[in-house]
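In: generate coordinates for the sequence data below:
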Amino acid sequence: MPVVLSTASLSAAERGERWHHAVSRTFIPLDVRLLEDDPSPGSIVSNRLGSLRVSQVEAGPQVVTRSRKLIARDGKEFLILTLQRRGSALKEQDGREARIGPGDFSLTDSTRLFRKKVENAFCFTSFHFPRQDLRVRDADLRALTATAFSGREGGAALVATYFARLAREAAHLDAVAGRQYAATALDLLALLIDERSGRFAPEAQETAAATLVRVKDHILRHLADPGLAPPAIAAAHFVSVRYLHKLFQSEGVTVGEWIRTQRLERCRRDLLRSPAPGDGVAAVARRWGFTSPSHFSRAFRAAYGMAPREWRIHGLAGEATTDAAEREHPGGAARCP
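Out: Numbers count the residues shown, from 1 in each chain. I've put the predicted structure just below:
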């Protein structure tokens, strides 16, 4: 259930204090100074996936700071990944300053001083999680705070795409799936940080290609298992989860995206077959590892442009028409599979 915090119903005079409270409650204790004489309404809509809090934030111009006093008072270690959607922000931490524009993302560490200034109305999606959940070296992380990661190219684009998709689905994922997808997101982020720090040493190209073939074969043989996830797949092939993600990154997809595509294609195929008694859409989805009918329907529509039931109706109708034509004109041209 999303948690919604909004100042829209308040007078302009009341919005400043309430917004400061909302920001500190959602993230970490922060000082917030609004830059408008009559502050615009602000809203924060949050969902939780295990220890990862996903929030969409919309508001007007402001300056946000984390002081030594607030760090000492709070004492907790969190990281915040911010994916900028609209507007731009000027972020400062660890002696660096970076402008984060739409499509970029950046990292902030709660244990050190930082400042963010936004001079216009903005919208961003944030991902707030305990520092211990991201298994990277402190020195490597410190070297990349207040850095603009472009979501348009390379490994950063893959990370940005996955996090953005995770935010869109967050409200609809059950607790188990949510934790798994969140863990995958942090593994991808850790891999990106390792790459930027020069710590990722890929195996020989021939070995990597052979490993990817074996991994894909394993996935295809276990698509029906709802628990199929990167940690189990990596363990089955004696590789790290980060290396598993690296193998698929070379093809421009995440492990989860590849699994979902394979499952959807098999569901699409089975939906075109004449259904046996009790073989409804939900049964087909379960057969190929989807545990949530609503999640399956959304994923199917996104992939094929129509709901599963629509696909089945159109497909079976077309098949019946073709069969009738073949009975009328035997010996016609064979259909391609």
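
In: for E92, what are its contacts?
Out: F114, R115, K116, A146 (C-beta atoms under 8 Å, 6 or more residues apart in numbering). In short, each C-beta sits where N, CA and C put it, glycine included.

In: inside strands: which ones of those?
Out: Mapping those onto strands (DSSP state E) picks out F114, R115, K116.

In: show me where the stretch 51-200 of the chain has helices.
Out: With DSSP state H, counting those that start in this stretch, the ranges of helices along the stretch 51-200 of the chain come out as 68-74, 138-142, 154-169, 175-196.

In: can you redo the ones you listed as a markdown table with mean neighbour count and distance to T125?
Out: Formatted as a markdown table, the helices of the stretch 51-200 of the chain follow (neighbours: other C-beta atoms under 10 Å; distance: least, C-beta to C-beta, whole Å):
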| stretch | mean neighbour count | distance to T125 |
| --- | --- | --- |
| helix 68-74 | 12 | 23 |
| helix 138-142 | 13 | 20 |
| helix 154-169 | 19 | 5 |
| helix 175-196 | 20 | 12 |
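
In: for Q132, see how far away Q84 is.
Out: Distance check for Q84 against Q132: by C-beta to C-beta, to the nearest Å, it reads 26 Å.

In: more crowded one of those two?
Out: Neighbours were counted for Q84 and for Q132 using other C-beta atoms under 10 Å; Q84 has more, 23 against 10.

In: report the beta-bridge partners for that one.
Out: F124 (DSSP bridges).

In: list the contacts for it?
Out: The contact partners of Q84, taken as C-beta under 8 Å, 6+ apart, are I100, G101, P102, G103, D104, F105, S106, F122, F124.

In: quick check: the fourth one touching R152?
Out: Yes: the pair G103 and R152 passes the contact test of C-beta atoms under 8 Å, sitting 6.1 Å apart.

In: which one of these two has more residues nearby?
Out: Comparing G103 with R152 by other C-beta under 10 Å, the one with more neighbours is G103, at 16 against 10.

In: OK, contacts around that one?
Out: Q84, S150, G151, R152, A160.

In: how about K117?
Out: Counting by C-beta under 8 Å, 6+ apart, K117 touches Q62, V63, V64, A89, L90.

In: can you check the pLDDT for it?
Out: pLDDT for K117: 97.

In: hey, what's it bridged with?
Out: Beta-bridge pairing of K117 under DSSP bridges involves V63, L90.

In: pLDDT-wise, which helix or strand of this protein ranks last?
Out: For the chain, using mean pLDDT, DSSP states H and E, the weakest element among its helices and strands is helix 308-328, scoring a mean of 58.

In: quick one: L223 and R263 touch, right?
Out: Yes: between L223 and R263 there is a contact at 5.5 Å, judged by C-beta under 8 Å.

In: what is in contact with those two at once?
Out: W288, G289.

In: which of those two has more neighbours?
Out: Taking neighbours as other C-beta under 10 Å, L223 and R263 compare with R263 leading, 22 against 17.

In: how about that one, phi and psi?
Out: phi -70, psi -40 (degrees, to the nearest 10).

In: what sits closest to it if chain neighbours are left out?
Out: Take R263 and drop its neighbours on the chain: the residue closest to it by C-beta to C-beta, 6 or more residues apart in numbering is W288, 4.5 Å away.

In: just I28 next, same as before
Out: For I28, ignoring the flanking residues on the chain, the nearest one in space by C-beta to C-beta, 6+ apart is S110 at 4.8 Å.

In: that neighbour contacts L70, doesn't it?
Out: No: S110 is beyond contact range of L70, at 9.1 Å (criterion: C-beta under 8 Å).
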